[in-house]
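>>> need the 3D shape of this:
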Amino acid sequence: MTVEIAIVISFCSFAFAVYSGIANLKRNQKTDDQKDATQMTTVIVKLENISAGITEIKSEMASMKNDVKDLNTRLIVVEQSTKSAHKRLDEICVAKVKDAI
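Residues are numbered from 1 along each chain as shown. Predicted structure coming up:
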């Protein structure tokens with residue numbers, strides 16, 4: 001009878017150990033899943049922030065391109081005006097030289 005009690009106690013201990021192990025694995029899996037979900041959420045939020053930053057940079061670049069085009073147009077006008085003024089100054093200088101002679 002003592003052998004049977006020892007076997008029953010061993011079997012109960014083994015069954016409890018298996019039950020505890022399985023319960024612990026399930027609990028750890030649930031905790032790991034929560035941590036993974038938290039990390040994935042953090043990564044997604046950071047990616048969305050990066051995407052918003054890139055969109056803002058693109059819009060600023062488009063604005064800069066327009067500004068450069070406007071400045072280029074203004075520069076062309078100024079160069080033409082300078083060329084015209086230079087011709088007028090040359091004409092004035094030539095006229096003064098002729099008057100001096």
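>>> what's the helix or strand for the most centrally placed residue in the chain?
With distances taken as CA atoms, centre = their mean, residue 50 lies nearest the centre of the chain, 2.4 Å away. Assignment of secondary structure by DSSP states H and E places residue 50 within helix 2-100.
>>> other SSEs contacting that helix?
Contacts defined by 3 or more CB pairs under 8 Å, 6 or more residues apart in numbering; DSSP states H and E place helix 2-100 against no helix or strand at all. Any C-beta I mention is one placed from the backbone N, CA and C, and that applies to glycine too.
>>> what mean pLDDT does that helix get?
Taken as a whole, helix 2-100 has a mean pLDDT of 91.
>>> just give me how far that helix sits from the chain centre.
Its chain's average C-alpha position is 0 Å from that of helix 2-100, according to CA atoms, centre = their mean, to the nearest Å.
>>> before we move on, what about stretch 92-101?
66 Å.
>>> for residue 16, what are its contacts?
Not one residue lies near residue 16 by CB atoms under 8 Å, 6 or more residues apart in numbering.
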